[in-house]
Each structure stands twice: as structure tokens, then as C-alpha cells.
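Asks: the following block contains a protein sequence and its predicted model.
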Amino acid sequence: MSNENKSIHEFDFSLICEYFSSVERQGPGSAETTIKALSFVEGLTDKSLIADLGCGTGGQTITLAQHTPGQITGIDLFPDFINQFNSNAEHFNLQDRVKGIIGSMDELPFRNEELDLIWSEGAIYNIGFEYGLNLWRPVLKKGGYIAVSEVSWFTDERPAEIDDFWMDAYPEINTIPNKLAQMQKAGYIPIACFCIPENCWIEHFYMPQVEAQEDFLRKYKGNQAAEELIANQRHEQQLYYKYKDFYGYAFYIGKKI
């Protein structure tokens, strides 16, 4: 496999964390998309307990907190992300309602049926969509909601280049109807599903990385691992521009039966 075709998981986690800490979003999305997904969730109150799993530095978490009541716990594996997450919460004066903790999304610190809402934007792929839906279900109250964004095929067939790329990077990628069937099988009523718009990738994810990449390469000039990481990100971006009609992120909102 050529360097530019490496999976993101093959790179040093400390480099990945440092690089993505320099941008507001660690994956495609936008405040508008978060708000739209939240509009399908009903019944939240000041006493509601919400978890944002794989929260990163908390861009979407801040949006959640600004548009819904309740206590929000962000969980991420990387300490640097969580430190920035909590700094962001303080910056927006949300520290009394929003707290980030270091942890793994496959070892949640919640009791059974404790949560009213589970949120996860662009992160469930770390443990797999179907596995994550089943694993997280016990800590969600009956009638509670789950909202996740997940890379998905828009078509049943696609060019070999992009199919090979995603089958290597994330073999569980699937079509939207199949993802909805997995959600239903896991014990949720699919409430809504929508594709996030292209600007979530281009304006909110890829464009902010341009300056960050140049800064990163200057800092790590001559560092092969850093250079390969940036080459990988640029390759992924090129593939998106070339094949965005065939795949993207979809938001899936479900209600626990």
C-alpha cells in the first residue's frame, strides 16, 4: 500500500491528536446540521442526561448545549481533546452543564437506562456502527434517543477506486437503507435520516485544514510520519471531490424501543 493510501488508524495517535486539535472540527459537520438532527429529538428537560461519544474538542457539543437543556458529558480517548473541550465549555460559560472526561466509547461510565440522549458525530466508526448501536443501547432510557452521523454509500454501485479506499479504511461502510435496517435490528425505531450537505465537508472540514496543514508541515519539516499524515489527509480530500456523488455522511436518529 502506498503511503498516501494509509488508513488514519495507521498513524501515530499523538500526531493525529495534535493535528486535529488545531482545527475546530475533527470530522465533517456543521452547527446547522447538528441543530437539524436535534430537531427530531423530543422531551429533553433540565434534568436530561446527554452523552456525546467521541466528542473530540467539542465543536458540536457546544452547539448541542446552546440549543437544548440538560447535562452533557463528552467522552473522548485523547486527553488533549478533552482539555480543549473543557476550555471551550468555559469559554462559552457552559462549564456548569458541559463536562468532558477521558474515556473509551466501548467502556461507558453510565448505569443502565441512565441517559436520555446519546450523540456521536463522525465517531461511531471507531468501534463500528452496528456494534456501537448495540453496545450503547443498555445505558439509554426506554424512549431515549440516539443520534449518530456515519459515512455511508449513496449508491448501490460505485467506481472501484473509491470502493477500494473505503473498504480498506472502514469495511462496515454500507448503504443508507442497510444502515437503517441495522438500527432497527439493534432495538431502535428509526425516527429520521438525512444526508449532511457538501459544505459540511468542504467549508467546515477540509478548507480549515489548509492552513493547519501548512503550519503542521513547517513544525515537523523532515518528519516522515507527519508528512505522510498530511499526504493522507490531502488524498482523502481529493477522493471526496472526485467521488462525492457516491458517498458522504448521513445522520441517523433513532428512539429506543
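Replies: Happy to help now that I have it. Just so we're clear, the structure is a prediction, and the values are computed from it rather than from any experiment.

Asks: what residues are up against the residue nearest the centre of the chain?
Replies: What sits nearest the mean C-alpha location of the chain, by C-alpha atoms, centre = their mean, is residue 122, with 1.9 Å. Residues counted as contacts of residue 122 (C-beta atoms under 8 Å, 6 or more residues apart in numbering) are 26, 27, 28, 29, 54, 149, 150, 151, 249. In this view, the C-beta of every residue, glycine as well, is placed from N, C-alpha and C.

Asks: for these, which one is nearest residue 18?
Replies: residue 26 (12.1 Å; C-beta to C-beta).

Asks: sorry, back to before: phi first, then psi, for the residue nearest to the centre of the chain.
Replies: phi 60, psi 30 (degrees, to the nearest 10).

Asks: distance of it from residue 147?
Replies: 12 Å (C-beta to C-beta, to the nearest Å).

Asks: with residue 196 instead?
Replies: If you go by C-beta to C-beta, the gap between residue 196 and residue 147 works out to 12 Å.

Asks: now for the two: what residues contact both?
Replies: In contact with both residue 196 and residue 147: residue 251, using C-beta under 8 Å, 6+ apart.

Asks: let me see the mean pLDDT of the helix or strand hosting residue 226.
Replies: Here residue 226 sits within helix 224-243, counting by DSSP states H and E. For helix 224-243, mean pLDDT is 95.

Asks: then stretch 182-197?
Replies: 98.

Asks: how much space separates residue 52 from residue 168?
Replies: Distance from residue 52 to residue 168, by C-beta to C-beta: 28 Å.

Asks: the two - which one has more neighbours?
Replies: residue 52 (26 against 12; other C-beta atoms under 10 Å).

Asks: which residues touch the more buried one?
Replies: 58, 60, 61, 64, 72, 73, 74, 75, 119, 120, 121.

Asks: any idea what the nearest residue to residue 73 once chain neighbours are set aside is bridged to?
Replies: Excluding the flanking residues, the one nearest residue 73 by C-beta to C-beta, 6 or more residues apart in numbering is residue 51, at 5.1 Å. Beta-bridge partners for residue 51, by DSSP bridges, are residue 73, residue 118.

Asks: residue 51: neighbour count?
Replies: Neighbours of residue 51 (other C-beta under 10 Å): 27.

Asks: and residue 210, by the same measure?
Replies: 11.

Asks: I'd assumed it was in a strand, is it?
Replies: No: Residue 210: not assigned to a strand; according to DSSP: H, G, I helix; E, B strand; the rest coil it is helix.

Asks: give the contact list for it.
Replies: So residue 210 contacts nothing (C-beta under 8 Å, 6+ apart).

Asks: show me where this structure has helices.
Replies: Using DSSP state H, the helices found in the chain span residues 13-21, 31-38, 59-67, 79-91, 129-136, 160-169, 176-185, 198-201, 207-219, 224-243.

Asks: buried sites along the third one?
Replies: Of all the residues in helix 59-67, those buried under the rule 16 or more other C-beta atoms under 10 Å are 59, 60, 61, 62, 63, 64, 65.

Asks: and which of those is nearest residue 87?
Replies: residue 62 (11.2 Å).
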